[in-house]
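Novice: The following comprises the amino acid sequence and a computationally predicted model.
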Amino acid sequence: MATMMKPDAAMTGGQPEAPAAEYAEGMEQPAAGYTLCLRISGDGKLSVGVEKESAEDVAEEYAGFEQVPDIKAALTRLLEIYKADGEVPEAADAQFDAGFASRGGMQG
């Protein structure tokens with residue numbers, strides 16, 4: 001992961017770095033979040049870590065992530081993804097409906 005350093009005052013002509021343009025004077029910037037990482041290598045070895053992030057990172061990089069109500073639901077969902085070998089399994093209801101429909105659904 002690459003890190004960027006802030007330019008010092010000599011590089012910016014003696015002026016301190018300006019705050020982000022999207023935040024008006026006096027408004028507080030949102031607190032930076034973090035991502036808990038679980039990496040599974042090709043040979044099945046596990047490693048964990050933390051990545052710090054900025055508000056700009058979150059908007060694009062995590063747009064496809066699903067929201068969960070709490071840490072228990074998050075860990076349960078991660079375990080489902082792990083058991084599916086990195087594929088995001090559909091919700092149980094969607095899987096049932098798809099399987100049911102593929103077998104002809106209800107016969108009347």
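Specialist: Thanks, I have it. Residues are numbered from 1 along each chain as shown.
Novice: name the helices or strands packed onto the longest helix anywhere in the chain?
Specialist: The single longest helix within the chain, with elements called by DSSP state H, is helix 71-83. Applying 3 or more Cβ pairs under 8 Å, 6 or more residues apart in numbering; DSSP states H and E, we find helix 71-83 packed against strand 34-40. (Each C-beta comes from the backbone N, C-alpha and C, glycine too.)
Novice: So which residues make contact with the strand it packs on?
Specialist: Residues outside strand 34-40 that contact it (Cβ atoms under 8 Å, 6 or more residues apart in numbering): 46-53, 62, 78, 82, 86.
Novice: For Ile40, the count of nearby residues, please.
Specialist: Using other Cβ atoms under 10 Å, the number of residues around Ile40 comes to 13.
Novice: what does Arg103 give?
Specialist: Neighbourhood size, Arg103 [other Cβ under 10 Å]: 8.
Novice: where exactly do the strands run in this protein?
Specialist: With strands called from DSSP state E, the chain shows them at 34-40, 46-52.
Novice: just so I know, which of the ones you listed lies nearest Asp70?
Specialist: Closest to Asp70 of the strands of the chain is strand 34-40 (Cβ to Cβ; 14.1 Å).
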